[in-house]
Every structure is written in structure tokens, then in C-alpha cells.
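A.B. asks: can't give you the sequence, but here's the structure:
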């Protein structure tokens, strides 16, 4: 693996490296860790990489890695930069024959996302998008229950992602994570919805298998002087006729990362909460609710849920492990391709470039809807 971004003091870069290393199937061999060549070199030194494999720019990295013999060069690149720097290195990597893992949202705008989609389809290369919440075992379990008809036809989906960390104007304090997220030149047309709303959108479609068709959005900027929104509420319609509510907020005081989803069908309801990720609840009207736990009850959990479980029941399993499940699945799929073998479908289970296009379409549809006087806005395709 080569890495773009994620240098010294970068939170998400360290998460990606930890997750990628967890199964011993991926080795970090090179990187362009910062737009500053000096910072990139310093980051590479801290990571014990050879000096000649630490680059001053992603362009230099891709050019020089491509020139190395097959078997020595990086096999794929992981992109962990702010939003506006996702597309350029991803495009260059694909054009030069390198597979890609990219943080979300996938690009700065929908046009870039569609261009990447075409490049992936044309090249046949792998592209994974790190919507890490799809990696949790109980999220896989929920998806399998819906597929198996356990709760019947989906009628209603409620998904929320409240945080409170941007309730004050942190971007004026020099806090790096807040600064770029509230800068339209770096974050894009949306901040809260781009950062966490896309996770909620992706999770709702991943678990239920139904796609959003229309929306009625109301975005707010509560902290005075901000250019981008810090809170939003959206009414949803889905292609199968289901209705939904999506709420994302970064000014909800006291909330940490309270992503949660409730899915209601004709026969039952499912509930999962990211802050208690080992538990999935199945509810009924006519009998007691059922509680499913990660790693517990091998006769009750789906094969997919067990495949993504890493520790015995009762031990906390969370954020890093969910990321690691995406990297492991990507590595096993890529390894098969490199050996000229057909990838095992059970490992080809990670968000792709198509999910990235859905995410960017969601953002543009949301902003358009919030500005419109119409009640409903069609989901962009």
C-alpha cells in the first residue's frame, strides 16, 4: 500500500494504517503524506519507511512507483486527504494502473465522481470507498435479515448521525479538522452532510437494499459566520415506496458519534447503534424483542456476520475493526486478481465507486432541495 495524506498529527490517516495492518495482509511501503515535502519526509521517517519511498507529492509517488519492477512497486494507493484532494490522486492512480482505496465523500463534486466511475469501469481496477460502518458485523447481520425477509417489506427508515463537536466556531481556533471541513474550497458544497450525512445515507441503502428516490431537505447554519451548514433534516422517499427521515448534526451538544438506524418492515423492526455496535435488536408487535450480539449464538447469526467478527463474544469490537474489515476484504479480492484467480464473492463486500457516486448525488440533491421551494426533489442520478 502507498498512502496519500495522513501524515503527522492526522487522525484518520493513523486509523487507516492501523486498520490496514490488522490482518497482516497489507504492508505500507511508500507515501506522499503531506502537500509539504518536508512534512511528508518527517512522517515517513516516523513510520520507518526508506527515504527513497517517501515522496514530496502524489504525482512523484505514482510516477516513481510505476517505474519500479512489478512485485516491488505498491499494489494500491490509499487516499486519506481532505475532500478536494480525493479526485486528483485517485484519477492519476487509476490512469497509471493502480488500484485505489479512498476516504469518503469520494470527490469534491458529482462530475468528478462520475468521471472516476467511468475510469474504474474502463480499467477494471478495484476501487474501495471507506464507509467503515458497513464493516460492522451487526450491520452485516441486519442487511442479511432484511434480504431474508425477516422483517418483511420495508416501510420506514429512520437514520440519524448527531455530533456536538462543532457547536462553537472551532475553525477560528486553528483546529485543523474543523478548518477544512468548514471551508467550501476544501469540503465542497456541504460540510455536515458531506462529513457524516453521507454515512447515514450509505448505511440506510446498504442495510435495506433500497435506494433513495426523492427528498425534502432543510439545512441550517447555526453558528454565526459559517459558510457551510452544521445541521440538517431530510424527509426521504425510497424506490420501493418506503418513507424515511435522515438527520445529521454537528451542533447537537453532548453527542459524540451517535450514528443509529431503525428499519421498520411489515413484520418487524431492526435497530442498531454505532456507540453500542455489538448489539442488534429485532422488534415485534406480538412477541418479545430479540437481541443479537456480535460473536454470540452461532446458530442464529448469518455467515456474513460471523465472517466479519474478530473477537469472542462480550469483547468490544468497533471502529478500527470495521475499517479493517474493508481493508481485509479489499486485500483478499485484490490478491486473487493479482494471482489471476477469481475473487471470492464473500470478500467482494466493501463499498465501491458506485457508492461514491450515490454519496455525491445525495449531497447535490440535498443542497438543491434545501434551496428549493418545492416540497420534493428528485434524487440525482
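C.D. replies: Received the coordinates, thanks. The structure presented is a predicted model; accordingly, all values stated were derived computationally and were not measured. Residues are numbered from 1 along each chain as shown.
A.B. asks: going by C-alpha atoms from here, please, whenever you check contacts or count neighbours.
C.D. replies: Will do.
A.B. asks: give the contact list for residue 171.
C.D. replies: 177, 178, 179, 180, 182 (C-alpha atoms under 8 Å, 6 or more residues apart in numbering).
A.B. asks: the residue nearest the centre of the chain and residue 145, how far apart?
C.D. replies: Taking C-alpha atoms, centre = their mean, the centroid of the chain lies closest to residue 131, which sits 1.7 Å from it. Remark: distance between residue 131 and residue 145 (C-alpha to C-alpha, to the nearest Å) = 20 Å.
A.B. asks: now the strands: where do they sit in this protein?
C.D. replies: Secondary structure of the chain (DSSP state E): strands at 2-4, 30-32, 76-79, 99-102, 127-129, 154-162, 212-220, 231-238, 243-249, 260-265, 269-273, 279-283, 290-293, 377-378.
A.B. asks: want to try TSV for those, with mean pLDDT and mean neighbour count as columns?
C.D. replies: Shown next, in TSV, are the strands of the chain (pLDDT from 0 to 100; neighbours: other C-alpha atoms under 10 Å):
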stretch	mean pLDDT	mean neighbour count
strand 2-4	98	28
strand 30-32	98	28
strand 76-79	98	27
strand 99-102	98	26
strand 127-129	98	26
strand 154-162	98	22
strand 212-220	98	21
strand 231-238	98	21
strand 243-249	98	22
strand 260-265	98	20
strand 269-273	98	22
strand 279-283	98	19
strand 290-293	96	15
strand 377-378	97	18
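A.B. asks: which residue ranges make up each domain of this protein?
C.D. replies: 2-129+325-350, 137-312+362-371 (automatic domain parsing).
A.B. asks: now render those domains as TSV, adding distance to residue 379.
C.D. replies: Below are the domains of the chain laid out as TSV (distance: least, C-alpha to C-alpha, whole Å):
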stretch	distance to residue 379
domain 2-129+325-350	12
domain 137-312+362-371	5
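A.B. asks: wait, what's in contact with residue 209?
C.D. replies: Residue 209 neighbours (C-alpha under 8 Å, 6+ apart): 143, 147.
A.B. asks: kindly report the same for residue 39.
C.D. replies: Taking C-alpha under 8 Å, 6+ apart as the test, what residue 39 contacts is 7, 8, 33.
A.B. asks: ranking the residues you listed by neighbours, who comes first?
C.D. replies: residue 33 (31 neighbours; other C-alpha atoms under 10 Å).
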